[in-house]
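**Student:** One predicted model, sequence on top.
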Amino acid sequence: DAGVTQSPTHLIKTRGQQVTLRCSPISGHKSVSWYQQVLGQGPQFIFQYYEKEERGRGNFPDRFSARQFPNYSSELNVNALLLGDSALYLCASSSVPGLARPDTQYFGPGTRLTVL
Amino acid sequence: AQTVTQSQPEMSVQEAETVTLSCTYDTSENNYYLFWYKQPPSRQMILVIRQEAYKQQNATENRFSVNFQKAAKSFSLKISDSQLGDTAMYFCAFMTFGGTSYGKLTFGQGTILTVHP
């Protein structure tokens, strides 16, 4: 089975522009989470979506938004890009995060965003 | 708030030897998971091992095992028979079941492990 896929692999934008990153979860997984990883640091949680609804949001500004589609794929949008948004953006999928307990997250290869 | 601390920025080990990576965490939650992920230079984050907090038995996956000390909030990873392919950044991560942090992974700063031939 294919793992989590993300596109594009690399992206270069200039300050003030907008960007959309895409993620397809592992087949059968209904939850998608997004993380931002600045070089040399651990990933920081941005969003979690399950069944097209936002389940959690990290400490990121409103310039960051996301959505999940009926096929469980997801997009992360970032508006008004800043130099500090340069990072590796990771998508992770998990199976139904049951009412009692969440499940292990499996990561995609990431999208490297550079803001000039 | 949950925090994860990895106090070893870098470690090195000779091929075939054993190395232990340290991790401590802080939480008021009682139900949670702990993970070790590895991130090679190719940058793909790969799950190494998972530990459920309610299980007293330490998790083991082939050459990888953990020492989970719940009272001390300590979660170390032991890699036996180290291989060159183990060279990577290793992240300790925490996931809670409860409240607004449900299903959110909180990561440590990472430990760069280099395996020398």
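**Tutor:** In hand now; what should we look at?

**Student:** Quick check: residues of chain A near chain B?
**Tutor:** Applying CB under 8 Å from any CB of the partner chain, one finds that chain A approaches chain B through A:31, A:33, A:35, A:40-45, A:48, A:55-56, A:58, A:88, A:90, A:92, A:94, A:97, A:100-102, A:104-110, A:112. For every residue, glycine as well, the C-beta is placed using N, CA and C.

**Student:** Among those, which lie within strands?
**Tutor:** Counting by DSSP state E, the part of the residues of chain A next to chain B found in strands is A:31, A:33, A:35, A:44-45, A:48, A:55-56, A:88, A:90, A:92, A:94, A:106-107, A:112.

**Student:** tell me the contacts of the residue nearest the centre of chain A?
**Tutor:** Residue closest to the average C-alpha location in chain A (CA atoms, centre = their mean): residue A:34, at 2.8 Å. Applying CB atoms under 8 Å, 6 or more residues apart in numbering or on different chains to residue A:34 gives the contacts A:23, A:45, A:46, A:47, A:48, A:66, A:74, A:76, A:89, A:90, A:91, A:92.

**Student:** Then residue A:8?
**Tutor:** Per CB under 8 Å, 6+ apart, neighbours of residue A:8: A:21, A:111.

**Student:** do you know how far it is from residue A:20?
**Tutor:** From residue A:8 across to residue A:20, the span is 10 Å (CB to CB, to the nearest Å).

**Student:** helices and strands of chain A: which one bottoms out on pLDDT?
**Tutor:** Lowest mean confidence among the helices and strands of chain A (mean pLDDT, DSSP states H and E): strand A:53-57, at a mean of 88.

**Student:** And the next helix or strand past that one?
**Tutor:** Counting by DSSP states H and E, the next helix or strand C-terminal to strand A:53-57 is strand A:64-68.

**Student:** Doesn't residue B:85 belong to a helix?
**Tutor:** Yes. Membership of residue B:85 in a helix is supported by DSSP: H, G, I helix; E, B strand; the rest coil.
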